[in-house]
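Trainee: Return atomic coordinates for the entry below.
(one chain, ligands or ions: 1)
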Amino acid sequence: MHGAHGYLFSQFLSPLANQRTDAWGGTPQKRRRFVLDLFRAVRAAVGTSTPVAIKLNSADFQRGGFGEEESLEVVRALAAEGLDLLEISGGTYTSAAMLGVDPSLKESTRRREAYFLAYAERVRAELPELPLMLTGGFRTVEGMVDAIASAAVDIVGLGRPLAVQPDFPADLLAGRADESVVSPRRSGIRVLDNLTELTYYSVQMWRMAAGKEPAPDRHAAINVGQYLLNNGLESLRMPQRSL
Ligand SMILES: Cc1cc2nc3c(=O)[nH]c(=O)nc-3n(C[C@H](O)[C@H](O)[C@H](O)COP(=O)(O)O)c2cc1C
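Mentor: Okay, here's the model as predicted:
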């Protein structure tokens, strides 16, 4: 279940997006009813032999939005329902913390490459039995080994490295690589950075889907141009539509 990044579950959970005054909004309990009811429905449909996992935001990184305390409450409630795996992420397309774009992530990320590790540790401390996956920021073998060896998480998730280096996990395991070559496509202007990050990696995935090699060294502007050609000007306003 995708409960992160501003998609539907995330919209119900967010006090900013969820302005409902009926049984589905108004209090944290009512805001999380949608995700809990859907979890129960999915579980009833698939039974207990099929694992049910959710990707959930630690926080939306928006003032007045879904935050860590409420996120922990959702995790507690889902764990009590028998959640099999929690994947931790954060941010929305307005404030793309999942891509490391949010400025508030800079300090913690300098010290430890994974963006949401501190939150993962909070969940682990409180719910040690719940299998945890963490995605966002992992680039080096040390960072990944550290997160697993310290028992903070059980599974490391990789996004952008795989859009440029699809063999990266095999290379890591074989000792052929110890760091991803991907580097941020940033200007420092948040709206532009959301766009350059998304277009850069989308174009790499399109290339591979067409049987071509990724082209990591092409200028960001060329990728934005190709993205707009493929998706139309509308995608500038709503880049998430094409994802
Ligand atoms: C082009 C692009 C498309 C993405 N699409 C999705 C998506 O459809 N669902 C999702 O959960 N995350 C999506 N993400 C976010 C990634 O899953 C991941 O959370 C994020 O890139 C951080 O991990 P990383 O630092 O390893 O890249 C996307 C990221 C990029 C760059």
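
Trainee: List the contacts of the residue of the chain found nearest the ligand.
Mentor: Across the chain, the shortest distance to the ligand (Cβ to the nearest ligand atom) belongs to Gly159, at 2.8 Å. All C-beta atoms are positioned from the backbone trio N, CA, C, and that covers glycine. Contact analysis of Gly159 by Cβ atoms under 8 Å, 6 or more residues apart in numbering lists Thr135, Gly136, Tyr201.

Trainee: Spit out the contact partners of the nearest residue in space to Leu132 that is not next to it in sequence.
Mentor: Spatial nearest neighbour of Leu132, excluding adjacent residues (Cβ to Cβ, 6 or more residues apart in numbering): Val153 at 4.6 Å. Residues near Val153 by Cβ under 8 Å, 6+ apart: Ile88, Leu117, Ala120, Arg124, Leu132, Met133, Leu134, Ala147.

Trainee: hmm, try it at 6 Å
Mentor: Ala120, Leu132, Leu134, Ala147 (Cβ atoms under 6 Å, 6 or more residues apart in numbering).

Trainee: Next: Ser58.
Mentor: Contact analysis of Ser58 by Cβ under 6 Å, 6+ apart lists Glu68, Ser71, Ile88, Gly90, Phe116, Tyr119.

Trainee: Just the ones of these in helices?
Mentor: Glu68, Ser71, Tyr119 (DSSP state H).

Trainee: okay, the first one: pLDDT?
Mentor: Right, Glu68. Per-residue pLDDT puts Glu68 at 96.

Trainee: Tell me if the longest helix along the chain is near the ligand.
Mentor: Counting residues, the longest helix found in the chain (DSSP H) is helix 190-209. Yes - interface with the ligand: helix 190-209 contributes Glu197, Leu198, Tyr201, Ser202 (Cβ under 6 Å from any ligand atom).
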